[in-house]
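Peer 1: Return atomic coordinates for the entry below.
(one chain, ligands or ions: 1)
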Amino acid sequence: MINKLVENIKKTGAPIVVGLDPMLNYIPKHVQEKAFAEYGETLEGAAEAIWQFNKEIVDKTYDLIPAVKPQIAMYEQFGIPGLTAFKKTVDYCKEKGLVVIGDIKRGDIGSTSAAYAAGHLGRVQVGSKSYVPFDEDFATVNPYLGSDGVNPFIDVCKEEKKGLFILVKTSNPSSGEFQDQLIDGRPLYELVGEKVAAWGADCMGDEYSYIGAVVGATYPEMGKALRKIMPKTYILVPGYGAQGGKGKDLVHFFNEDGLGAIVNSSRGIIAAYKQEKYAKYGEEAFGDASRAAVEDMVADIEGALNGSRKE
Ligand SMILES: O=c1ccn([C@@H]2O[C@H](COP(=O)(O)O)[C@@H](O)[C@H]2O)c(=O)[nH]1
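Peer 2: Predicted structure coming up:
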């Protein structure tokens, strides 16, 4: 799957991921009203609104982008109907040729991680039958339970040709509370980065490993250090846009080949129509506003990378 991700990035020239994080308050009134007219103000109604919202954004952007990252929390909060909308979104994006990164941030003791891995990246056996429950291409994993919490995910990735993005240095303001703690003079996130590189060495695609890392755009200096520690690791970079990250902050997350990083924006793309800059599209044309925001994001990152090459 890492080969498909790299191929999609090369084809689109867009090292970006659209984060499908559909909070109800981002969903335009007309979409919500239509869903509620059919299903009432119920969990089913909310799930239908989410699905229709996602579909429009995907339809308006899929030709420009390599991948999407649905954040499962935004679906899970609406219970079983929400999870059905998550699955419909995963399937639809795959039909459109997109790589799907399930932002599920799982990780537990080995037996529990094995169940998460089977449900999201692999298959489950029910009697004589085998099922593929969620079938994302990549999943995000929390490594802080150690190797026995991560290995079951890696095993399933090897069998199913899927991939992981393992949390190394997260984008949130308090990520340093634990992740920056020094151990023998080295920050914990660096030690986790080394471990991710070691896990990944045994899991190579053509150019990059299918065991990737998550490093926040909000910590550019740490991104630069981690790029060196994990040269063959694809880095998923959240924190662009709504959290303040900009193209110029991201240059050192990339390798010399222009690859190695993929930048996520969720609210900045899906709720673009709410921004002054895209107000001309109005609520009705929210998908067109998202398309314009994708084009601007790609230009921002491309401009920063081209600028850094000239320096
Ligand atoms: O360190 C991390 C890890 C994951 N995320 C997730 O990415 C998106 C960011 O959303 P924006 O609207 O672009 O801020 C969201 O799903 C987070 O759960 C992250 O932000 N930082």
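
Peer 1: What parts of the stretch 51-200 of the chain come near the ligand?
Peer 2: Gln71, Asp103, Thr170, Ser171, Asn172 (CB under 6 Å from any ligand atom). The way it works is simple: take the backbone N, C-alpha and C, and place the C-beta from them, glycine included.

Peer 1: Contact partners for the closest residue to the last one other than its chain neighbours?
Peer 2: Think Asn172. Spatial nearest neighbour of Asn172, excluding adjacent residues (CB to CB, 6 or more residues apart in numbering): Gly216 at 7.3 Å. With contact set as CB atoms under 8 Å, 6 or more residues apart in numbering, Gly216 has these partners: Lys169, Thr170, Ser171, Asn172, Ser175, Gly223, Val237, Pro238, Gly239, Gln243, Gly245.

Peer 1: now for those, which pair is the farthest apart?
Peer 2: Pairwise distances across these peak at 14.7 Å for Asn172 and Gly223 (criterion: CB to CB).

Peer 1: When the two are compared, which one has more neighbours?
Peer 2: Neighbour comparison, Asn172 and Gly223: the larger count goes to Gly223, with 26 against 13 (by other CB atoms under 10 Å).

Peer 1: Val18 bridge partners, please.
Peer 2: On the basis of DSSP bridges, Val18 takes part in beta bridges with Val68, Ser265.

Peer 1: Show the contacting residues for the closest residue to the ligand within the stretch 1-150 of the chain.
Peer 2: Residue nearest to the ligand within the stretch 1-150 of the chain: Gln71 (3.5 Å; CB to the nearest ligand atom). By CB under 8 Å, 6+ apart, the contact set of Gln71 is Gly19, Leu20, Asp21, Asp103, Ser266.

Peer 1: Could you rerun that using 7 Å?
Peer 2: If you count contacts by CB atoms under 7 Å, 6 or more residues apart in numbering, Gln71 has them with Gly19, Asp21, Asp103, Ser266.

Peer 1: what helices or strands is the helix or strand harbouring Leu305 leaning on?
Peer 2: Taking DSSP states H and E as the criterion, Leu305 maps to helix 286-310. Applying 3 or more CB pairs under 7 Å, 6 or more residues apart in numbering; DSSP states H and E, we find helix 286-310 packed against strand 16-20, helix 43-61, helix 267-270.

Peer 1: okay, the ones you listed in TSV with mean neighbour count and mean pLDDT next?
Peer 2: Converted to TSV, the helices and strands packed on helix 286-310 look like this (neighbours: other CB atoms under 10 Å; pLDDT from 0 to 100):
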stretch	mean neighbour count	mean pLDDT
strand 16-20	27	98
helix 43-61	22	98
helix 267-270	23	98
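
Peer 1: Gly239 contacts Asn172, correct?
Peer 2: No: judged on CB atoms under 7 Å, Gly239 makes no contact with Asn172 at a distance of 8.3 Å.

Peer 1: excluding its backbone neighbours, what's nearest the most centrally placed residue in the chain?
Peer 2: In the chain, the centroid-proximal residue (CA atoms, centre = their mean) is Lys69; its distance is 3.6 Å. Spatial nearest neighbour of Lys69, chain neighbours left out: Ile101 (4.3 Å); criterion: CB to CB, 6+ apart.

Peer 1: if I've got this straight, that neighbour is in a helix?
Peer 2: No: using DSSP: H, G, I helix; E, B strand; the rest coil, the secondary structure at Ile101 is strand, not a helix.

Peer 1: list the contacts for it?
Peer 2: Applying CB under 7 Å, 6+ apart to Ile101 gives the contacts Val17, Ala67, Lys69, Glu136, Asp137, Phe138, Phe165, Leu236.

Peer 1: For the last one, name its beta-bridge partners.
Peer 2: To tie it back to what came earlier, the one meant is Leu236. Bridge pairing for Leu236 (DSSP bridges) gives the partners Val214, Ile262.

Peer 1: Helices - which of the contacts of Gly216 land there?
Peer 2: Gly223 (DSSP state H).

Peer 1: ok, of the contacts of Gly216, which come out buried?
Peer 2: Neighbour-count burial (16 or more other CB atoms under 10 Å) is assigned, among the contacts of Gly216, to Lys169, Thr170, Ser171, Ser175, Gly223, Val237, Pro238, Gly239, Gln243, Gly245.

Peer 1: between the residues you listed, which is closest to Pro28?
Peer 2: Checking the buried ones among the contacts of Gly216 against Pro28 with CB to CB, the nearest one is Gln243 at 23.1 Å.

Peer 1: That closest one contacts Thr218, correct?
Peer 2: Yes: using CB under 7 Å, Gln243 is in contact with Thr218, at 5.7 Å.
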